[in-house]
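*Asks:* using only what follows, build the 3D model:
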Amino acid sequence: MECESHFDELVRSSDQAVTCPECGAAKVLKQLSSFAVHGAATKPAFSGPSGAGGGCCGGSCGCG
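*Replies:* Numbers count the residues shown, from 1 in each chain. Below is the predicted model of the structure:
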């Protein structure tokens, strides 16, 4: 990257051209989002050590 600007852009293919919106440079550093990574697990494990469900705090607030 020439200008060190950070930006987000959804890229569906590695062949898709991406340019920096600040300086227009085509030489950009692509980073992979963690949600796009495939793993070996068949389903996500949302339960904590106690086995309680819930997304924000393990279910102790009543959300799960």
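
*Asks:* do you know how far Phe7 is from Ala17?
*Replies:* In this structure, Phe7 lies at 14 Å from Ala17, with CB to CB, to the nearest Å as the measure. All C-beta spots, glycine's among them, are computed from the backbone N, C-alpha and C.

*Asks:* let me fix that: Val11
*Replies:* Val11 is 9 Å from Ala17, where distance means CB to CB.

*Asks:* neighbour-wise, which of these two wins?
*Replies:* When Val11 is set against Ala17 and neighbours are counted by other CB atoms under 10 Å, the residue ahead is Val11, at 12 against 8.

*Asks:* and the nearest residue to that one once chain neighbours are set aside, how many neighbours?
*Replies:* If the residues on either side of it in the chain are set aside, Val11 comes closest to Val18, at 6.0 Å by CB to CB, 6 or more residues apart in numbering. By the measure other CB under 10 Å, the count of residues near Val18 is 13.

*Asks:* Val18 and Gly24 touch, don't they?
*Replies:* No: in this structure, Val18 is not within contact of Gly24 by CB atoms under 8 Å, at 11.2 Å.

*Asks:* Leu29 - how many residues pack around it?
*Replies:* Leu29, neighbours per other CB under 10 Å, totals 7.

*Asks:* and the pLDDT at it?
*Replies:* Leu29 is assigned a pLDDT of 87 by the prediction.

*Asks:* could you pull up phi and psi at it?
*Replies:* Main-chain torsions, Leu29, degrees, to the nearest 10: phi -90, psi 120.

*Asks:* low-confidence stretches in the chain?
*Replies:* Of all residues in the chain, those with pLDDT under 70 make up the ranges 1, 34-64.
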